[in-house]
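In: quick one, fold the following:
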Amino acid sequence: MTNKSSRSTQISKIRLGLTRLIVAFLLALSTSCGKDQSAHIRVNQLGYELGLPMRGYLMTSASQPETKFAVKNAEGAVSYSGVVGPSLGKWGNYTVYGLDFAISAPGSYTISVIGGLNPATSSAFRVEHRAHLYSAELVNALSFYQNQRDGADYLPSSLRTAPAHLNDQRAKVYKTPEFAGREGSRIKGDLVSTGAVIDASGGWWDAGDYLKFAETHSTALALMLIGVRDFPSQLGASSAASNFTAEAKFGLDWLLRMWDDTSSTLYYQVGIGGWNWHYENDHSVWRLAQEDDTYRGTDPSYRYIRNRPVFIAAPAGAKISPNLAGRMAGDFALCFMVYRTSNRAYANQCLVAAEHIFDLADTAPAGELLTAAPHDFYPEADWRDDLEFGATELFFAIRQGDLPSGLPHADPSFYLQAAAEWANAYMQSKEDKQDWSFVDHLAQFELWRALGVASDTKGLAVSQTDLVNDLRTKLESAAAQADADPFGFGYSAGRGEYTFQGARFSAMASEYDFMTKSNTFAKYSTQWLANILGANAWGSTFIVGDGSTFPHCPHHQIANLVGSHDGRPPILAGAMVAGPNGDLESGAPGGVLPCSSEGFSTFDGNGVRYRDSTKFYSTVEPAIDFTSSSLLMFAWRAAGAPSDAMLQVHRREQVAFP
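Out: The predicted structure follows:
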């Protein structure tokens, strides 16, 4: 009896163990299948323009033969139904399919997969007339720059409660330091003073840190001032909510302080980000900006936090790196055009400075272009497009007439000839035209417009046709890249600068279609904009506050220390972050408040990754130049064409296009 009972107990235990193993196996299989069969729909979370093709994306790890989808309005009624398109390619463990649809009535919509193995529903999106679709995003962008303001003229907000860096009003000037170390970012020795003191106050912080660079300032101002001049209803005086006229002047005020026109001296940076064993730098302390003027009392290790150095570009009257000279000349020429009616003395000051700095451009630079200290913060490869931009804007400014006295060149044809020569030199250069130049397409579009109003274009180095053909070559390359990419992105995303490149190519496509009176790249213009705004693998927009899922944890000190970490106000609305990257570079000093939006790693693929976590500056650090690229992208889409009232532009040549 005892033996039988013992054997029965053993058999029961074995059966129970087998049952548990089977249950565990089935649960694991179910979990695995559930994970493998997950599906996600990605859309432009901002919305779609009425009258243009509309596309969403289905990501799934299971095949979707003949699967149907439906687009439903806010009341749940089906407004469109169709069949999932063919595979667009692989993204990591997912296959991506196109969801092409058309909606004819404004409203709020969602897309749902209604057949197949994997049910999925998109986030809500709008369908709207283009003139109204992008208004809130431009308002957000303006608030970003206002929150980036440095100095006494800050604007109080939920994120900003005090002025910062008032010591910059009496900033000491130093020579550019020497750098060493594995990445060339360690400063050798102490800084060497020139003995000069200048007012370097004001301006915008460059990014998530508190440094200020003429390099990124000049880029942001170029795009901002073009927007104010050419898109008054979106970015200028005719816009009640997103008028950048005052904000652009705030940025110009600082750039004029960095250029001493009397002595012909350029100062190009405030603050240090490179490190040294003996003193702290801007990147080694995580704090609010208003703490800096008295940070750590008299501790010598923090002397360059309290009293930030200004770096001089070259001795007075010396040649200036042409990338900076060209962009700053263009900015100051635009200043003349934008403010000549409202503030004539200020506009005249800008135009005189524009001509002087353009004349000092080093047109045969050797070695690295001057950008930042250290140089690897902002490497630039080409500079001819910057000089093309500067010369073109000077042409437009000079032809306005009623000029200040004492200008070196009062004949607009002088600058038109220079612009054409630099455009030709740029097109003939060997630099990678897919690389991240900020003003290349803008310079070419502006010169195309200039040639349209010039009284005489004979003998110039380029024609309108040349400029159109060069833009088409770039766009065809981007379109080919997009056609091979599962989400239709026009740039190799692993190279970084994802958001900037998307906005750059979107605006470029709009410019080309305007130049050729066509819709050749209209599909791509909206497609690349959509990539930035949620139609991507991660289902996130890369502009804070835009869309339903956006960065909650930007690598930005004020956003981290004062802002929310869940997407609810206060947030750094309008800030465009870097976006997906091939390299996940991370790091932050002590004092960072914990913040990480989990889950995005699930969607990494094809060598490209994204993290919404404060420590990953390579993907979620915003910047003034990134964000400025969104201004023209949105303005072009909203307006459809620039206002030519100020430039009186018309098409001169009858150009034949393939």
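In: in the stretch 551-658 of the chain, where is pLDDT below threshold?
Out: Applying pLDDT under 70 to the stretch 551-658 of the chain flags residues 645-646, 648-658.
In: go on, the stretch 1-150 of the chain?
Out: Counting by pLDDT under 70, the ranges of the stretch 1-150 of the chain that qualify are 1-37, 116-117.
In: tell me where it has strands.
Out: Residue ranges of the strands in the stretch 1-150 of the chain, as given by DSSP state E, counting those that start in this stretch, are 39-42, 47-49, 54-60, 68-73, 78-83, 87-91, 94-101, 107-113, 120-121, 125-128.
In: one more: the stretch 451-600 of the chain?
Out: Chain-ordered strands for the stretch 451-600 of the chain, with DSSP E, counting those that start in this stretch as the definition, fall at 596-597.
In: show me the helices in it, by range?
Out: Ranges of helices within the stretch 451-600 of the chain are 464-484, 498-516, 522-532, 557-561, based on DSSP state H, counting those that start in this stretch.
In: JSON lines for those, including mean neighbour count and distance to residue 149?
Out: Any C-beta I mention is one placed from the backbone N, CA and C, and that applies to glycine too. Formatted as JSON lines, those follow (neighbours: other CB atoms under 10 Å; distance: least, CB to CB, whole Å):
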{"stretch": "helix 464-484", "mean neighbour count": "18", "distance to residue 149": "34"}
{"stretch": "helix 498-516", "mean neighbour count": "25", "distance to residue 149": "22"}
{"stretch": "helix 522-532", "mean neighbour count": "25", "distance to residue 149": "25"}
{"stretch": "helix 557-561", "mean neighbour count": "22", "distance to residue 149": "11"}
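In: can you lay out those as a markdown table showing distance to residue 633?
Out: Converted to a markdown table, those look like this (distance: least, CB to CB, whole Å):
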| stretch | distance to residue 633 |
| --- | --- |
| helix 464-484 | 14 |
| helix 498-516 | 4 |
| helix 522-532 | 6 |
| helix 557-561 | 23 |
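In: these: which one's closest to residue 332?
Out: Each of the helices of the stretch 451-600 of the chain was scored for nearness to residue 332 using CB to CB, and the closest is helix 498-516 (22.4 Å).
In: quick one, domains of the protein?
Out: The domain map for the chain lists 39-131, 134-541+623-639, with the assignment taken from automatic domain parsing.
In: tell me which of these sits most buried.
Out: domain 134-541+623-639 (a mean of 21; mean count of other CB atoms under 10 Å).
In: gap between residue 539 and residue 39?
Out: Counting by CB to CB, to the nearest Å, the gap between residue 539 and residue 39 amounts to 12 Å.
In: ok so, going back, switch the domains of the chain over to CSV; also include distance to residue 598.
Out: Shown next, in CSV, are the domains of the chain (distance: least, CB to CB, whole Å):
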stretch, distance to residue 598
domain 39-131, 16
domain 134-541+623-639, 12
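In: any idea which of the ones you listed gets closest to residue 606?
Out: Nearest to residue 606, of the domains of the chain and by CB to CB, is domain 39-131 at 5.9 Å.
In: end-to-end on the closest one?
Out: Here the two ends of domain 39-131 are set 33 Å apart, with distance taken as CA to CA, to the nearest Å.
In: so how far is it from its chain's centroid?
Out: 27 Å (CA atoms, centre = their mean, to the nearest Å).
In: mind listing the residues bridging to the spatially closest residue to residue 97 that is not a sequence neighbour?
Out: Sequence neighbours aside, residue 58 is the residue nearest to residue 97 in space, at 4.4 Å (criterion: CB to CB, 6 or more residues apart in numbering). With DSSP bridges as the criterion, the beta-bridge partners of residue 58 are residue 41, residue 97.
In: same check, this time on the one 10 residues further on
Out: The residues listed as beta-bridge partners of residue 68 by DSSP bridges are residue 83.
In: quick one: it from residue 114, how far?
Out: From residue 68 over to residue 114 (counting by CB to CB), the distance is 5 Å.
In: what sits in contact with each of those two?
Out: Listed as contacting both residue 68 and residue 114 by CB atoms under 8 Å, 6 or more residues apart in numbering are residue 81.
In: what does stretch 551-559 contact?
Out: Taking CB under 8 Å, 6+ apart as the rule, stretch 551-559 contacts 147, 159-160, 207-210, 286-289, 540, 542, 544, 560, 564-567, 571-572, 575, 577, 588, 595-597, 612-617, 620-622.
In: distance between the ends of that stretch?
Out: Using CA to CA, the gap from the first to the last residue of stretch 551-559 comes to 11 Å.
In: same question, stretch 599-608
Out: By CA to CA, one end of stretch 599-608 lies 15 Å from the other end.
In: what comes up buried for it?
Out: 600, 603-606, 608 (16 or more other CB atoms under 10 Å).
In: next, give me the two most distant ones among these.
Out: Put simply, by CB to CB the two of the buried residues of stretch 599-608 set farthest apart are 600 and 606, 14.7 Å from each other.
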